[in-house]
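**Q** Build me a structure from this.
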Amino acid sequence: MPSHGSLTKAGKVRAATPKIPPKPRTNPFPRKRSRRNYFRRIVMGGLPWQRRRRR
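**A** Below is the predicted model:
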C-alpha cells in the first residue's frame, strides 16, 4: 500500500521540538464554576447545536 512520504522521515519534527513543561491546571473555585454552569445550562439553553431554532 503506497504512503505519502517515506516512513524514514516519520516523527522527526516532534522529536526535534523542545519539551515544554505543562502549566499546572487549577479548577475554578466552586461558586464561579456553578455560576458558569448555570449560565451555560439555563440562560444559554445548552450548547449551540443543542438549542432549538425559532422559525
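**Q** Before we move on, what's the pLDDT of Pro2?
**A** On the pLDDT scale, Pro2 is placed at 66.
**Q** do the same with the one 4 residues further on
**A** According to the model's per-residue confidence, Ser6 sits at a pLDDT of 78.
**Q** Run through the residues that contact it.
**A** Residues in contact with Ser6 (C-beta atoms under 8 Å, 6 or more residues apart in numbering): none are found. The C-beta positions use only the backbone N, C-alpha and C, and glycine is treated the same way.
**Q** Any figure for the gap between it and Lys12?
**A** Counting by C-beta to C-beta, to the nearest Å, the separation of Ser6 from Lys12 is 11 Å.
**Q** Which neighbours do these two have in common?
**A** With C-beta under 8 Å, 6+ apart, Ser6 and Lys12 have no common neighbours.
**Q** what are the phi and psi angles of the residue nearest to the spatial centre of the chain?
**A** By C-alpha atoms, centre = their mean, the chain has its centre lying nearest to Arg25, at 13.7 Å. The phi/psi pair for Arg25 (degrees, to the nearest 10) reads phi -90, psi 140.
**Q** cool, and Gly45?
**A** Dihedral pair for Gly45: phi 80, psi 40, per degrees, to the nearest 10.
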